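# Sequence and predicted structure are below.
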Amino acid sequence: MSEKEIILEVRNLKTHFFTNMGLIKAVDGSSFSLRKGQTLGIVGESGSGKSITSLSILGLVPKPAGKIVEGEILYCGEDLVKKSQQEMREFRGKKIFMISQDPMTSLNPVFNIGNQLGEAVRRRQNLNGRNLKEKCIEILKQVQIRSAETRINAFPHELSGGMKQRLMISMALACRPEILIADEPTTALDVTIQAQILQLMMEIREKYKTSIILITHDLGVIARFCDYVLVMYAGKIVEKADIKTLFKRNRHPYTKGLLNSLPHLGEKQHRLMSIKGQPPDLLNLPAGCPFEPRCDYAVEKCSFEYPSDESVGKGHQVSCWRWREI
Amino acid sequence: MPKSNKIWVHLRNAPLGGLAIFFLFLIAAFFAEYLAPHSPTDQNITNALRAPCFFEGGTFEHLLGTDELGRDILSRMIFGARISLLVGFVAVVLSGFIGTCLGLVSGYFGGRIDSIIMRFVDIQLSMPYILIALALIGALGPSLRNIIIVIGITSWVDYSRVVRGEVLSIKNKEFVDLARIAGCSTFRIILKHILPGVANSLIVLGTLMLGRIIIFEAALSFLGLGVQPPTPSWGIMLADGRQYLTFAWWLATFPGIAIMMVVLGTNLVGDWLRDTLDPKQRAAVRGKR
Amino acid sequence: MQRYIIKRIFQSLIVILGITVIVFIIVHLTGDPLDLLLPPEAGLEEREIFRHELGLDKPLYVQYFEFLKNISQGDFGQSFRHQTSAFSLVIGALPATIELTAAAMILSIIIALPIGILSAIRPRSFLDRLGMTFALIGQSIPVYWAGLMLILLFAVTLGWLPSGGRGGISNIILPAITLGLFSTAAIARFTRSSMLDVLDEDYIRTARIKGLSEHIVILKHALKNAAIPILTITSLQFGRMLSGAVITETIFSWPGVGRIAVQAIYNRDFPVVQTAVLVTSVIFVIINLLVDIMYMYLDPRIKYD
């Protein structure tokens, strides 16, 4: 497969949750594509639908309340939405892998890390016994876990947060997936560790040409790491563009708000800007644009009609009635 | 989301069957005199061991048949509900009171007292409660009062553990600290601030314990060390039924059905209450977003 | 780890000590044992002589220590009714009780675990609802009634199985089912809820992300975590069974400790009652201790201080 070829294409994905309290449209009509070797960032607040997007790709939307009701997820031409769990298992751990948000809870507390890493290794290589152990130690060293020979018998609760996340990345290394999804990989860690983790991910990208989908609410991480960005709000992609365009020529009020709320080093700060208003109530979304209550540019049309996806430039799309004026 | 929405969801899930049985039980217990077709103690040897109405030899006079002394089974069952409710309710309150007090003290004060009380709990839990109860009643004599007391003092353990657990999680919350700073006496803090938080669990536990205690009382009566004849208790009826099992199956069957239904009712209601009152709700959406 | 074990053993000993105190108190609530040993015509003087001989005129705490001393040497007193030591009577009946309880426990686990796991895998399915309905009913049926109904059906009406006595397999089936009914229901329900809790955890999702087969996810990753609370419930159920055995053995004329104890209570044969309670309780304490030690191997997070 050559570079720049599209390996994952999501078309009009709609993942809804049917709960006792009502219908939650967690992802409501997302379309985007991922190219080989590309790093795609998905940014948005909690509840914007970023995590559910990744779970939809993996076929791990929480049942029974959650369901992909519409859309296609094309991986090398095959539609993942139509696949059974049995078929999806062929992809998971070999072609697609995900590093979850919270390393503290993502590891099974009753098995040692050699055991858990070994499972990932065996997805790709049929190793056993001592060979398996040696391979695991080798991978642990690659993610810079010191004293790997003894650490391999340790249990997750004996590791620090940063080490746990590095363990997750080692599992990714073992799987050598084509697509690596990283859901808030650094949120639960402190700043110095964050840098290390991102560094490791960059190495994976370099070495194996893995395409990465990076989900985060941290624009700084996006800036350092991603080629292309999706901005999500209340289940919809409100803007998508390559990284430079997003930062310099963004056209959606929400994107603007996000960028404005970043503190700027070196400049005199009058006050921290934040986006006014409340996060959206997913059970009671308005008919029009969900951002309207908090939007400085809103006009009457925004409150009853949802803006269609319009093209601003090459690879740059936005959903806003007033993008031309922004 | 509006609060009324949540309440409606809970009410919608209410176990109608369970509640219905429960109320039937209460009505039978309170209005036995009006509901029972006969007196529960009227003997009529010539009418002994009559089968229930749809079977050979049965009449509509005695819908569920008669026992070995000619007493009407249905009437005895209805009056038996009264005994079960009486013993059950008082014993639940008694054991609940003891257990809650000990649980509150144990949880709130911690330390030495906690260790001692918990050790006591371990000791009691290690002993077969039926044997203890039987031995105590054997010692004290089987009167209604003694039965209630004995059941009460063998059943407090569950309450104390649950209450202690709740207290431990509540007592570190801020409002308790504030109350302490404001100078409230310990007693007042426990009563006004901690007890309400424990109330939910107590309601659930009390409901479930009611069923268990009804079974307990009937067990004691079944073994002859509970309520004494001629007072009609479901347990005694079962003991009678055991003797005549081979040729009068109805003696043992119907009282047992009664016990099972009532306990099923309390279990259903108790489970529903637990789902309703427990703050750690099972979310309708499983998994994290 | 050693220190933890020693601490637990020590705690168990204290519990056993506490049990002896309670047993002693209960037996002494029964009133004057002399009323049972002597004929009613015995004069006051005779009573005083007997009282002194039996050591019943000493203060209570002295009597307690003598009691303790005797027990530690294996002397639990002589049965009032039968001409043997209470201890040999109880120990003689113990194998029967163990056989019945073991059979009931094994039956429970074999039936309950799969039901609980299957229900948790497919929550709200027909299988789940059916299983949990049976479990709910099973927890509402009193032991004595279950026993009677089983006898009614299988022994009286169908004649397939005997209605009592100890013997071969056909003898143990009904009592084991009766005794195990409640536990089966309780363990099934609890397994389901424990598994459901575990299946919600992030590490299960990680296992799925790795693409592991569903068998491995459930039986390796989920079950080992769910096993810990299930083990707690199972050992609690075992304690309940020791109580339930009393009734079951009575109904089925099973010659175990429970039946002996009940008869002893009717006969006011206190040494036997006291021995039965002590022996049963100590067995339960030991089982709890063993279960606790097993925990250490199941859950590596437990701290040993």
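Looks like it came in fine.
# Which of the helices or strands spans the nearest residue to residue C:141 once chain neighbours are set aside?
Leaving aside its chain neighbours, residue C:141 sits nearest to residue B:260 (5.2 Å; criterion: Cβ to Cβ, 6 or more residues apart in numbering or on different chains). Heads up, the C-betas are built off the backbone N, CA and C, glycines and all. Take DSSP states H and E as the rule and residue B:260 turns out to sit in helix B:250-277.
# how about that helix: buried residues?
Within helix B:250-277, the residues that count as buried by 16 or more other Cβ atoms under 10 Å in any protein chain shown are B:250-274, B:276.
# For the residue sitting nearest the centre point of chain B, give its distance to residue C:183.
When Cα atoms, centre = their mean is applied to chain B, the residue found nearest the centroid is residue B:210 (1.2 Å). Relative to residue C:183, residue B:210 is positioned 21 Å away (criterion: Cβ to Cβ, to the nearest Å).
# still on that earlier bit, if you count contacts, what does the helix holding residue B:260 end up packed against?
Counting contacts by 3 or more Cβ pairs under 8 Å, 6 or more residues apart in numbering or on different chains; DSSP states H and E, the secondary-structure elements packed against helix B:250-277 are helix B:16-30, helix B:73-109, helix B:195-222, helix B:234-243, helix C:126-140, helix C:143-150.
# Does the fourth one reach chain C?
Yes. Applying Cβ under 8 Å from any Cβ of the partner chain, one finds helix B:234-243 touching chain C at B:235, B:238, B:241, B:242.
# and the gap between the last one and residue B:261?
The reference is to residue B:242. According to Cβ to Cβ, residue B:242 stands 20 Å off from residue B:261.
# again with residue C:286
Counting by Cβ to Cβ, the gap from residue C:286 to residue B:261 is 39 Å.
# Check residue A:168 too.
In this structure, residue A:168 and residue B:261 are 53 Å apart, going by Cβ to Cβ.
# How about residue B:241?
17 Å.
# follow-up on the earlier one: now the helix holding residue B:260 against helix B:234-243, angle please.
Angle, helix B:250-277 to helix B:234-243, by axes from the mean of the first three to the mean of the last three Cα atoms, to 10 degrees: 140 degrees.
# which residues does the closest residue to residue A:315 other than its chain neighbours contact?
By the measure of Cβ to Cβ, 6+ apart, the closest residue to residue A:315 outside its immediate chain neighbours is residue A:242, 5.7 Å from it. Residues in contact with residue A:242, defined by Cβ atoms under 8 Å, 6 or more residues apart in numbering or on different chains, are A:227, A:228, A:229, A:315, A:316.
# at 10 Å instead, please
Residue A:242 makes contact with A:38, A:226, A:227, A:228, A:229, A:313, A:314, A:315, A:316, according to Cβ atoms under 10 Å, 6 or more residues apart in numbering or on different chains.
# Confirm for me that the second one is in contact with residue A:211.
No. When contacts are counted by Cβ atoms under 10 Å, residue A:226 is not listed as touching residue A:211 (11.5 Å).
# anything in contact with each of these two?
With contacts defined as Cβ under 10 Å, 6+ apart, the residues adjacent to both residue A:226 and residue A:211 are A:38, A:39, A:40.
# I'd like the residues you listed as a markdown table, with secondary structure and pLDDT appended.
Below are the shared contacts of residue A:226 and residue A:211 laid out as a markdown table (DSSP: H, G, I helix; E, B strand; the rest coil; pLDDT from 0 to 100):
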| residue | secondary structure | pLDDT |
| --- | --- | --- |
| A:38 | coil | 90 |
| A:39 | strand | 92 |
| A:40 | strand | 93 |
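# Make TSV out of the residues you listed and add distance to residue C:114.
Supplementary listing: these in TSV, determined by distance: Cβ to Cβ, whole Å:
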residue	distance to residue C:114
A:38	47
A:39	46
A:40	44
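# need those in CSV with neighbour count and distance to chain B, can you?
Supplementary listing: the shared contacts of residue A:226 and residue A:211 in CSV, determined by neighbours: other Cβ atoms under 10 Å in any protein chain shown; distance: Cβ to the nearest Cβ, whole Å:
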residue, neighbour count, distance to chain B
A:38, 22, 26
A:39, 23, 24
A:40, 22, 20
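# The residue nearest to residue A:315 pairs with what?
For residue A:242, the residues forming beta bridges with it (DSSP bridges) are residue A:228.
# if I look at it, how far off is chain B?
28 Å (Cβ to the nearest Cβ, to the nearest Å).
# For the closest residue to residue B:57 other than its chain neighbours, list the residues it contacts.
Leaving aside its sequence neighbours, residue B:57 sits nearest to residue B:51 (Cβ to Cβ, 6+ apart; 4.7 Å). Taking Cβ under 10 Å, 6+ apart, we find residue B:51 in contact with B:57, B:58, B:59, B:62, B:64, B:65, B:66, B:247, B:248, B:249, B:250.
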